[in-house]
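K.L.:
Fold the following and give me the result.
(chains A and B)
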Amino acid sequence: SQQGEEDPQALSIQEGENATMNCSYKTSINNLQWYRQNSGRGLVHLILIRSNEREKHSGRLRVTLDTSKKSSSLLITASRAADTASYFCAPSMDNFNKFYFGSGTKLNVKP
Amino acid sequence: DAGVIQSPRHEVTEMGQEVTLRCKPISGHDYLFWYRQTMMRGLELLIYFNNNVPIDDSGMPEDRFSAKMPNASFSTLKIQPSEPRDSAVYFCASSVTGTGGKLFFGSGTQLSVL
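P.N.:
This is a model prediction of the structure:
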């Protein structure tokens, strides 16, 4: 399978806490992206990390990539109720233009 | 930019009818993708185009599904005849070469086949 698999499937935390989501994949990649989907909406791009990068930050988001373990993690610090959404990883295999998504992690941030 | 525009937002039809979903990608984007999302199967890549040419349609479930991109600003996904199991949210996304494949998604079309 070329898709990423997110873990856990669901995560419920209190506002202010950190949320960590993981992604595993099976083949070598060129890059890996994370997306957010609010209920009833299309996916929104959050961050892209290339295969030669180990860590990347964007605001309250921190993404790590371990190509030896074929895994990535997304950390959201100081979570807010507005972060409630599903989060998907999308590894890109042989080219940059074909992405397969997993089932996502459903994050619920309680106010 | 208005983003990726899909129409209709909702479509309710009866089994056997033809359904046409429409997509306008972001101007200047050279890649266009059609995805389908269901609870059971998640987000599935159906087909994608590069410069209006279909590159990979291996995700198209059956011959009942067809997609076209007659020009750089318009694409259609057609289901004929439709079946209840086609009920899903269909997303269109576009991207541009040189950005590592960053996808911009439309708001989707919620299709219900009765």
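
K.L.:
Which helix or strand contains the spatially most central residue of chain B?
P.N.:
Nearest to the mean C-alpha position of chain B, counting by Cα atoms, centre = their mean, stands B:W34 at 3.2 Å. With elements delineated by DSSP states H and E, B:W34 resides in strand B:31-38, which encompasses its position.

K.L.:
Mean pLDDT per helix and strand in chain A: which one sits at the bottom?
P.N.:
Lowest on mean pLDDT, DSSP states H and E among the helices and strands of chain A sits strand A:5-7, with a mean of 89.

K.L.:
related to what we said a few turns ago, pull the contacting residues for the residue nearest to the centre of chain B.
P.N.:
By Cβ atoms under 8 Å, 6 or more residues apart in numbering or on different chains, the residues touching B:W34 are B:23, B:45-48, B:67, B:75, B:77, B:90-92. Every C-beta, even on glycine, is put in place using the N, C-alpha and C of the backbone.

K.L.:
Sort those by pLDDT and name the bottom one.
P.N.:
Minimum pLDDT for those is recorded at B:L45 (91).

K.L.:
Now do the contacts for it.
P.N.:
B:L45 is in contact with A:98-101, B:33-35, B:59, counting by Cβ under 8 Å, 6+ apart.

K.L.:
Show me the strands in chain B, by range?
P.N.:
Along chain B, counting by DSSP state E, strands occupy B:5-7, B:10-13, B:19-24, B:31-38, B:42-50, B:53-56, B:65-71, B:74-79, B:88-95, B:104-105, B:109-113.

K.L.:
count of residues packed around the closest residue to chain B within chain A?
P.N.:
Per Cβ to the nearest Cβ, A:G42 is where chain A lies closest to chain B, at 3.2 Å. Using other Cβ atoms under 10 Å in any protein chain shown, A:G42 has 22 other residues around it.

K.L.:
ok, and the closest non-adjacent residue to it?
P.N.:
Among residues not flanking A:G42 along the chain, B:F105 sits closest, at 3.2 Å (Cβ to Cβ, 6 or more residues apart in numbering or on different chains).

K.L.:
Let me see the confidence value for the one you found.
P.N.:
As predicted, B:F105 sits at a pLDDT of 96.

K.L.:
Against A:T27, how distant is the nearest residue to A:G4 once chain neighbours are set aside?
P.N.:
For A:G4, ignoring the flanking residues on the chain, the nearest one in space by Cβ to Cβ, 6+ apart is A:C89 at 4.0 Å. According to Cβ to Cβ, to the nearest Å, A:C89 stands 14 Å off from A:T27.

K.L.:
ok, those two, which is more surrounded?
P.N.:
Regarding A:C89 and A:T27, a neighbour count based on other Cβ under 10 Å identifies A:C89 as having more, with 30 against 10.

K.L.:
what's near enough to touch the more buried one?
P.N.:
For A:C89, the contacting residues are A:4, A:6, A:23, A:25, A:32-35, A:72, A:74, A:101-102, by Cβ under 8 Å, 6+ apart.

K.L.:
Chain A contacts on chain B?
P.N.:
Taking Cβ under 8 Å from any Cβ of the partner chain as the criterion, chain B approaches chain A at residues B:4, B:31, B:33, B:35, B:42-43, B:45, B:48, B:50, B:55-56, B:91, B:93, B:95, B:97, B:100-108.
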